[in-house]
Every structure is written in structure tokens, then in C-alpha cells.
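Novice: Turn this into a model:
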Amino acid sequence: MLPEVASWLRRRTSTAEDWPPHVLLAAKGTSRISVVLPARDEEATVGTIVECIRGDLVRRVPLVDEIVVIDSRSTDRTAAVARAAGARVVAQDSVLPALGRMSGKGEALWKSLAVTSGDIIVFVDADLRGFTSSYVTGLLGPLLTDPSVGYVKACYDRPLVDGERSVEGGGGRVTELVARPLINMHWPLLAGVMQPLGGEYAGRRALLERLPFVTGYGVEIGLLVDVYRDSGLDAIAQVDLGRRVHTNQGTEALGVMAGQIMVTAWSRLERHGRMVPLSAPSTALTQFRRSADGHDPRTADMGVGERPPMIEVPGYATSRPVAPGRR
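Specialist: This next block holds a predicted model:
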């Protein structure tokens, strides 16, 4: 391990238990905090997560100022369940409609900047099981207590859950097979980030709004690399949240995810002057399924869209919600 990475790990890694709510409330001052859940067809889990945050961090300790669910074209009762639990629900396609529609998690996260008022924004996936409010407080800890920190990633143990069977350490397959090798090869000072693709992270609005957002599965690696490029390694911290259980995807879907991560990494290497490509990468991914006649090829698109830094969107600064008491 590079000595710079070892030093960063010692100084910038903490645990959720290090950040009790009453300590964070004392450190909050006038900062507003928004929690954002991007959600698509997550009626089974989104309500429990919202209720937990509202109960612990709005009613019991007034730390979180708003909970916003960005509904990404759900076909189930996600929106109704989230609203009944106390979240403000915003349909993804209703935000900045003049800029057209894109798909993917990154699109929901990017659009959340335009409909939230927080100085600090916490992103939490809506499919988590066994969620506790320490996910939110853990991510907030470094941001509320250290002004030099701009971006906080969660780390955790990730079991692979298949029905009633759970394999400890079996989750995070794309992280271990694709993202971690890429990071260690091309951005070795980020090698200490334990969960580069984890869906729980938080950042200062002033930083997030000047970064582009990839709209597909590459959003996490894109943001991590761009934060590093923009603000340096010491602007990043990570917090151990313990254990993360969610809905695991099949191998075929993970192949597309891996491809989008590779395409995103390619774009950052090119944009940041780390390589000179001789041609653009193909974004077609051919996979095979066995059928009665042999193996049927199926081709998916690994291409990712990208949204510009929100601060560059005309009218953004004057159109986003203003916190009560602010002008």
C-alpha cells in the first residue's frame, strides 16, 4: 500500500458509532441537511427507510431538514408509500423537463440538486433492508465536524442474499472484479476507498453542483474520481456503517453494470488527460442465454449519458427551493 493511502486511511476513516446524533446537532449550526432516496419500484422498503429517518432524525433529534424521494418511473406504489411515510416525492421526469429525459440512477441524483435546499446532501439507496438512521448520521459526521471534508463514502460488509441463503462477503461482485482493479491501476491514491460503488454517500452542495453526473451505473465511480480531481484526496472521507443488505442482481445485469463502469472510467481517463485513445470504445455488450436451439445472443447497450455540472444549468441558482428563513 502506498504510504499516502495508509495515511489517508488512518486519518479519514471512522465508524458510525463515532458520530452520535446529539454531537452532530451541536455541530450543525445553520447548515441545512437533505436526505435523498432515488427509487424505482421499491415499495417494499422505501417506506420503512423514510419512517426511520423521520422518527430518529426529524422528530427525536431535529438534524435532517428534508427527506426527498426521487421517483424514477416506478410502476408500483413506491411514490404512494414514500409519501405516506412522510417524504416529499418528486417525479424524476418533472424536474427540468426542458432538458429532456435520460434514464438511470445518476439522472435521479443529479435532478435532486434542483429540488432540494440542503447545504449538505445525503444519498441513500431505497432498497436497503435492516436500515438504521446511523447510515445518515455516520455520513454526516465528517462533513459537520470538519470543513475540509467535502465528500463522504460509506463502507460496510456486503453479504450476497439469494432467497433464504446468505453468503457473507459475497456481495459487491462488480466492485471486486471491475471497479477496484480499475481504481488501483489508474487512480492508486483512491485505493483506500473500500466501497467505491456503494450507494450511500454524502457531499456538500457547493461541491456536488460543480460536478457532472453520469446517468447510469457509472455515477458512483464518476463522482468519486471527479471529486478527487476537483478537491484532492483529503476532501474525501469514509465511514464504516457495519452491514449493508439489499436486493442483489443477477450476473447478466451485473455485466451491463460492469460495462457502464468501464465506459465511465474510460471517459475520465480521456477527459483528465490520463490516456490518448485511438478510437472510441464500443458500447455494445453481447451476452448469451441457452435455449432449446443452443445459445441465443442478446446485445445490451453499455453507453452512459451524462449531465453537466448543475451550476452550469441556466436558472438553477435562482429556481431551486430556498430554505425557510433564507433569501
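Novice: continuing past the helix or strand bottoming out on mean pLDDT in the chain, what's the next helix or strand?
Specialist: Using mean pLDDT, DSSP states H and E, strand 165-167 stands out as the lowest-scoring helix or strand of the chain, at a mean of 56. Using DSSP states H and E, the helix or strand that directly follows strand 165-167 along the chain is helix 173-174.
Novice: tell me what that next one is packed against?
Specialist: Using 3 or more CB pairs under 8 Å, 6 or more residues apart in numbering; DSSP states H and E, the elements in contact with helix 173-174 are helix 251-271. Where you see a C-beta, it was placed from the backbone N, CA and C, and this is true even at glycine.
Novice: Can you give me the buried ones in the helix or strand just after the helix it packs on?
Specialist: The helix or strand immediately downstream of helix 251-271 is strand 284-291, counting by DSSP H and E. By neighbour count on 16 or more other CB atoms under 10 Å, the buried set for strand 284-291 is L285.
Novice: Restrict strand 284-291 to CA atoms and write it as CSV.
Specialist: Extracted in CSV, the C-alpha atoms of strand 284-291 (Å, rounded to 0.1, in the frame of the first residue of the first chain):
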residue,chain,number,x,y,z
ALA,A,284,-22.4,-2.9,-27.3
LEU,A,285,-22.3,-5.9,-24.9
THR,A,286,-23.3,-9.3,-26.3
GLN,A,287,-24.3,-11.9,-23.8
PHE,A,288,-25.7,-15.4,-24.2
ARG,A,289,-28.5,-17.5,-22.8
ARG,A,290,-29.0,-21.1,-23.5
SER,A,291,-32.2,-22.1,-25.4
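Novice: Give the ranges of residues in the stretch 151-300 of the chain that sit below the confidence cut-off.
Specialist: Along the stretch 151-300 of the chain, segments meeting pLDDT under 70 span 158-172, 245-249.
Novice: pretty sure V50 contacts V64?
Specialist: No. Assessed by CB atoms under 8 Å, V50 is found out of contact with V64, at 10.7 Å.
Novice: The two: who's more crowded?
Specialist: Shown here are V50 and V64; by other CB atoms under 10 Å, V50 has more neighbours (29 against 24).
Novice: in what helix or strand does that one lie?
Specialist: helix 46-54.
Novice: Can you give the distance of stretch 299-317 from its chain's centre?
Specialist: Distance of stretch 299-317 from the chain centroid (CA atoms, centre = their mean, to the nearest Å) equals 15 Å.
Novice: what do you get for stretch 275-288?
Specialist: So, by CA atoms, centre = their mean, the centroid of stretch 275-288 is 25 Å from its chain's centroid.
Novice: contact partners of it?
Specialist: 252, 255-256, 259, 262-263, 266, 269-270, 295-303 (CB atoms under 8 Å, 6 or more residues apart in numbering).
Novice: got the residue ranges for the helices in the stretch 101-250 of the chain?
Specialist: 105-112, 134-145, 173-174, 180-186, 205-208, 219-231 (DSSP state H, counting those that start in this stretch).
Novice: okay, the ones you listed in JSON lines with mean neighbour count and distance to K153 next?
Specialist: Supplementary listing: these in JSON lines, determined by neighbours: other CB atoms under 10 Å; distance: least, CB to CB, whole Å:
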{"stretch": "helix 105-112", "mean neighbour count": "26", "distance to K153": "14"}
{"stretch": "helix 134-145", "mean neighbour count": "25", "distance to K153": "8"}
{"stretch": "helix 173-174", "mean neighbour count": "18", "distance to K153": "16"}
{"stretch": "helix 180-186", "mean neighbour count": "16", "distance to K153": "12"}
{"stretch": "helix 205-208", "mean neighbour count": "18", "distance to K153": "13"}
{"stretch": "helix 219-231", "mean neighbour count": "22", "distance to K153": "7"}
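Novice: which one of these lies closest to R32?
Specialist: helix 205-208 (9.1 Å; CB to CB).
Novice: Check which helices and strands the closest one sits against.
Specialist: strand 120-123, helix 219-231.
Novice: Please repeat the previous calculation with a cut-off of 6 Å.
Specialist: Judged by 3 or more CB pairs under 6 Å, 6 or more residues apart in numbering; DSSP states H and E, helix 205-208 has no packing partners among the helices and strands.
Novice: How many residues are close by L37?
Specialist: Here the number of neighbours of L37 (other CB under 10 Å) works out to 29.
Novice: no, scratch that, I was asking about C155
Specialist: Around C155 there are 21 residues (other CB under 10 Å).
Novice: next one: E312
Specialist: E312: 11 neighbours (other CB under 10 Å).
Novice: and what of R10?
Specialist: 9.
Novice: Would you confirm that it belongs to a helix?
Specialist: Yes. Assessed with DSSP: H, G, I helix; E, B strand; the rest coil, R10 lies in a helix.
Novice: if I look at it, how far off is R229?
Specialist: 23 Å (CB to CB, to the nearest Å).
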